[in-house]
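Trainee: Give me a 3D structure for the following:
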Amino acid sequence: LDRAADPNDDGSFDDRLDVVNGSLGTSFALGSEVTGEMITELAMVGTLVVAAAGNDGQNFFALGSPASFPEVLSVGASVDNNLLNLRVTAPSSAVAVYPAAEGVFTASLASTGPIEAPLVASDPALGCDPFLNAAAVSGAIALIDRGTCPFVDKFDNAVAAGAIGVVIVDSDPAQLPFPMNGPPGTSPIPGVMVTLADGAFLEAALASGPVTVALDATDRYTGPGAELLAGFSSRGPSAVDGRLKPEIAAPGAAIDSAGVGSGTEPRTNQGTSMASPVVAGAAALLRQAKPELGPMEVKAALMNAAVPLADFAGNAYTTTVVGAGRVDVPRAVASTFTAAFELEAEKVGVSFGATITSAPTNMVRDFTLRNHGTTTETVDLAVEPSFTLPGVVVTVAPSELVIGPGESATAQLTLSFDPTALGDAGPDPGT
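Mentor: Take a look at the predicted model:
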């Protein structure tokens, strides 16, 4: 951290780093005060510290240090399942969209371009032997069941029959398909997997007549499960002061990095230590796009523009596991507003901390919105809780602010809760 503040050790902070990544930490916020003081001073000279939340899972207060310090942008890990849409385009009675996972060993749709063709079930269904209906499969997309033989063998038989693509139907009742393994570059045609349930719909449609399907690398699946919170990502709040942490999330599973000593080969890792550099890179890009922003303003802009994530059931992940949401660089760059608790004190997120009381209680926190744009804007303010609790209400006032260019305005959050109505402690929907 000393080196980050003054890389050439000349006593001047003019060459300090804009962003520092910390893919490190100790569990349950067990950090030293000295580290906290260094981070505070580093923020004061203009550096944003980004740190991994930790990999201790969904245990309350598991979040690590230095991610627990107020100035640090603490990062949880999400899982981008990297799925495409398999679109049934004909007949009209069967038109539908199904999530599909490209194979590791297949030709990528990004390189082949979009394909659209009749879907033809292979004979035999498992595709482990030469196709008996090769004439029908030629120029079509083959539908093959998973099982018995390796995926590569199924694709070899599809290629020999003249197929231009393959759809594999999973044999296990999973919620989402997975990328089929095999040596990269083995198959010259693209291929995807769909779930057992979705495969049954495709097979039923084929039983009624011809079916046409389309695949396109740019047609991404965004439905339930497209992006989830990683199960290993440490949960907050901070064990030190009850501050809401982590503050943001980024992809942290199946991340390729440089494999040390491998020449040009990658090494695939997972963890919040993989997610943290993604956010550090996002902060650097935002700083480049908007050099006038200070480190806490960069932190606020990234948090304000983050995208909410939800589980398979559609329940929004709570703040103590995903923070403001998954980082979104284009939204952060495009935004002309920041909202923060106390920027001067290097605090962005609003936290009410821990309160022990037996009587109805109100707690108030002010926060500031700043218009970094060039025109006067009207801002609507509202509270959207990720889940509700009896006896607990959070309100914001006013409901509308008009803020001129370069100006700031203050709003107020009020937490009202009645412990007698709250009831017994229990898990939230995301636990």
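Trainee: quick one: the strands in the stretch 101-250 of the chain?
Mentor: Per DSSP state E, counting those that start in this stretch, the stretch 101-250 of the chain carries strands over the ranges 115-121, 141-145, 165-169, 191-194, 211-220, 227-229, 248-251.
Trainee: Going by mean pLDDT, which of those comes out lowest?
Mentor: Lowest mean pLDDT of these: strand 227-229, a mean of 93.
Trainee: ok, back up a step: mean neighbour count and distance to L109 added to the strands of the stretch 101-250 of the chain, as a markdown table?
Mentor: Using the backbone N, CA and C atoms, a C-beta is placed for each residue, glycine as well. Listed next are the strands of the stretch 101-250 of the chain as a markdown table, based on neighbours: other Cβ atoms under 10 Å; distance: least, Cβ to Cβ, whole Å:
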| stretch | mean neighbour count | distance to L109 |
| --- | --- | --- |
| strand 115-121 | 18 | 7 |
| strand 141-145 | 26 | 12 |
| strand 165-169 | 25 | 9 |
| strand 191-194 | 26 | 8 |
| strand 211-220 | 18 | 4 |
| strand 227-229 | 20 | 20 |
| strand 248-251 | 27 | 20 |
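Trainee: Quick check: which of those is nearest to C128?
Mentor: strand 141-145 (9.0 Å; Cβ to Cβ).
Trainee: which parts of the helix ranked longest in the chain are buried?
Mentor: Identified as the longest helix of the chain according to DSSP state H is helix 272-289. By neighbour count on 16 or more other Cβ atoms under 10 Å, the buried set for helix 272-289 is 272-287.
Trainee: And stretch 193-204, by the same measure?
Mentor: Under 16+ other Cβ under 10 Å, the buried positions of stretch 193-204 are 193-195, 198-199, 202-203.
Trainee: For I255, give the beta-bridge partners.
Mentor: For I255, the beta-bridge partners under DSSP bridges are N269.
Trainee: Am I right that R3 is in a strand?
Mentor: No. Counting by DSSP: H, G, I helix; E, B strand; the rest coil, R3 is not part of a strand but helix.
Trainee: Tabulate the strands of the stretch 101-250 of the chain (TSV), appending distance to V95.
Mentor: Putting the strands of the stretch 101-250 of the chain into TSV (distance: least, Cβ to Cβ, whole Å) gives the following:
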stretch	distance to V95
strand 115-121	13
strand 141-145	16
strand 165-169	16
strand 191-194	16
strand 211-220	10
strand 227-229	25
strand 248-251	31
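Trainee: Quick one, which of those gets closest to A301.
Mentor: Go through those one by one with Cβ to Cβ and the one that ends up closest to A301 is strand 248-251, at 11.0 Å.
Trainee: Cool, thanks, talk later.
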